[in-house]
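In: Predicted model follows, preceded by the sequence.
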Amino acid sequence: MAHAEGHHGPADGHHVVGGGQQHNVGQQHPLGIYFKIWGLLFVLSTLSYLVDYFHFQGYLRWTLIIVFMLLKAGLIVAVFMHMVWERLAMVYAILLPPLLLLVLLGIGAGEADHTFLTRLTFFGADPAASAPAPHAVKK
Amino acid sequence: MTQTAPTASAEALPLVPGLPGVVADWSSDQRAFKKVPWGKAMMWIFLLSDTFIFSSFLISYMWVRMGTTVPWPNPSEVFALTIAGKSIPLILIAIMTFVLISSSGTMVLAVNYGYRKDRVRTFIFLLITAALGATFVGMQAFEWTKLIVEEGVRPWGNPMGAAQFGSAFFMITGFHGTHVSIGVIFLIIVAIKVLRGDLDKERPGFLTGRKGNYEMVETMGLYWHFVDLVWVFIFAFFYLW
């Protein structure tokens, strides 16, 4: 208990940014940046919710969704997960491998298109005309 | 003026900045990830593998949604909630999003106070984070119940359109909810360790002989932010698309 209080000394106040501290191996940053990012994430989430609320459709909808999503993901990884303050060796080791997933994405999209066309050919279901269920929800 | 870092052996040579630093770090002796505690680097590598798991789920969801000739149920209407006699689209999901983002915010505060050795505040913020996480899981349970009981959604079909909707939904949100639940359990464990002073006194944990320290809180935080990060993608691709 007293031990914990004793350590309170060197880290006086809320403005310490690591510099001359004893424990400078950890990620120590001023609280202000966290609150700013927190607020920004709220704003971006609201904006992406509004995309749905105002019924944007087509490419405008998809573009906005992806832009807001990437901004949110970037802020979380960069600031909340401290990636901007890490050494590049680790940043690249963690952030580059997921790019491989784009290959899987491409293959998946190609095959899904093929499946879709095959199903159209063999089952003749037109996505616009057929409504299999009585209360099928179509935008 | 104390330049002594706890891992003095890794800091024997000056670190090279920038892109040449990547080569220098990777080709150096000892270890590749400098200035990062062992547990944190391992957590990042675990999260990388988890990224591939969740991406595989999301890409297979894309596959079934693109491949089906039956109209996909409109998530905006499926997840609408009637509040005060008015149907508001996706409102529950929006609230869940804000709850999870807020829990990320409190987590970051816990990490920060942890490095300041502020035992009580770290404990409080960890507990708030766990409470928000539990709230999220609770709302998800409500959402699942509503979907299964009222809307009749099953993994093999639903009355609103493409049969694959149910399987994709239960698989993706179920896996994410499991991650959140595990996170809540570990947040409570870490919170108790912090309050007891295990990290100040460097007591070893229950699964390891390694000494406790406040870097554990940051490692815990990485996992928790990752859960939030995955939700960002699920929210965009499953609920909004």
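Out: Great, that's in hand.

In: mind listing what's buried in the helix of greatest length in chain B?
Out: Longest helix in chain B, counting residues (DSSP state H): helix B:164-196. Using 16 or more other CB atoms under 10 Å in any protein chain shown as the test for burial, helix B:164-196 gives B:164-170, B:172-173, B:176-177, B:179-181, B:183-184, B:187-188, B:190-191, B:193-195. C-beta: built from backbone N, CA, C; applies to glycine.

In: Tell me where chain B is predicted with low confidence.
Out: Applying pLDDT under 70 to chain B flags the ranges B:1-12.

In: nearest spatial neighbour of residue 56, skipping sequence neighbours?
Out: Answering for chain A, as no chain was given. residue A:64 (6.5 Å; CB to CB, 6 or more residues apart in numbering or on different chains).

In: try chain B instead
Out: residue A:104 (7.3 Å).

In: where does that neighbour fall, helix, sheet strand or coil?
Out: Of the three states, residue A:104 takes helix under DSSP: H, G, I helix; E, B strand; the rest coil.

In: What strand or helix carries residue B:101?
Out: helix B:91-115 (DSSP states H and E).

In: Taking helix B:164-196 as reference, get the angle to that helix.
Out: Computed by axes from the mean of the first three to the mean of the last three CA atoms, to 10 degrees, the angle separating helix B:91-115 from helix B:164-196 equals 30 degrees.

In: ranges for the helices of chain A?
Out: So, for chain A - with DSSP H - the helices run A:2-6, A:31-53, A:58-75, A:88-95, A:101-123.

In: Any idea which of the ones you listed gets closest to residue B:113?
Out: Taking CB to CB, helix A:31-53 is the member of those nearest to residue B:113, at 9.2 Å.

In: Find the nearest non-adjacent residue to residue A:87, please.
Out: Here the residue nearest residue A:87, using CB to CB, 6+ apart, is residue B:34, at 5.4 Å.

In: residue boundaries of the helices in chain B?
Out: B:18-27, B:38-67, B:75-78, B:91-115, B:119-145, B:164-196, B:215-234.

In: how about the shortest one: buried residues?
Out: When neighbours are counted by 16+ other CB under 10 Å, the buried residues of helix B:75-78 are found to be B:75, B:76, B:78.

In: so which of those comes closest to chain A?
Out: Nearest to chain A among those, counting by CB to the nearest CB, is residue B:76 at 5.3 Å.

In: List the contacts of that closest one.
Out: A:52, A:55, B:89, B:90 (CB atoms under 8 Å, 6 or more residues apart in numbering or on different chains).

In: Phi first, then psi, for the third one.
Out: What it means is residue B:89. phi -70, psi 140 (degrees, to the nearest 10).

In: give the contact list for residue B:153.
Out: Taking CB under 8 Å, 6+ apart, we find residue B:153 in contact with B:78, B:147, B:160, B:165, B:166, B:169.

In: same question but for residue A:77, I mixed them up
Out: Residue A:77 neighbours (CB under 8 Å, 6+ apart): A:83, A:95, B:225, B:229.

In: Report the buried members of the residues you listed.
Out: Buried among the contacts of residue A:77 by 16+ other CB under 10 Å: A:83, B:225, B:229.

In: remind me which residues of chain A are low pLDDT?
Out: Checking chain A against pLDDT under 70 turns up A:1-25, A:125-139.

In: wait, isn't the residue nearest to residue A:87 in contact with residue A:89?
Out: Yes. Residue B:34 is within contact range of residue A:89, at 7.0 Å (criterion: CB atoms under 8 Å).

In: Can you get me a residue count around residue B:142?
Out: 13 (other CB atoms under 10 Å in any protein chain shown).

In: Quick check: nearest residue in space to it, chain neighbours excluded?
Out: residue B:92 (7.5 Å).

In: Then residue B:64?
Out: Counting by CB to CB, 6+ apart, the residue nearest residue B:64 is residue B:164, at 3.9 Å.

In: next one: phi and psi at residue A:81?
Out: According to degrees, to the nearest 10, residue A:81 has phi -100, psi 10.

In: OK, contacts around it?
Out: B:221, B:222, B:225, B:226, B:229.

In: Sort out which one of these lies nearest residue A:108 for me.
Out: residue B:229 (21.3 Å).

In: Isn't that closest one up against residue A:76?
Out: Yes. Using CB under 8 Å, residue B:229 is in contact with residue A:76, at 5.1 Å.

In: list the contacts for the residue nearest to residue B:47 when sequence neighbours are not counted?
Out: Once flanking residues are discounted, residue B:47 sits nearest to residue B:226: 4.8 Å by CB to CB, 6+ apart. Applying CB under 8 Å, 6+ apart to residue B:226 gives the contacts A:81, B:47, B:50.

In: Export these to a markdown table and append columns for distance to residue A:69.
Out: What follows is these, written out as a markdown table (distance: CB to CB, whole Å):
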| residue | distance to residue A:69 |
| --- | --- |
| A:81 | 16 |
| B:47 | 18 |
| B:50 | 18 |
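
In: Closest to the centroid, which residue in chain A?
Out: residue A:73 (2.4 Å; CA atoms, centre = their mean).

In: shouldn't residue B:232 be in contact with residue A:71?
Out: No. If you go by CB under 8 Å, residue B:232 and residue A:71 don't touch, sitting 9.5 Å apart.

In: between the two, which one's more packed in?
Out: Shown here are residue B:232 and residue A:71; by other CB under 10 Å, residue B:232 has more neighbours (25 against 17).

In: For that one, list the residues it contacts.
Out: A:69, A:72, A:73, A:76.

In: what about it, distance to residue B:153?
Out: 24 Å (CB to CB, to the nearest Å).

In: Tally up the residues packed near residue B:146, please.
Out: The number of residues near residue B:146, taken as other CB under 10 Å, comes to 15.
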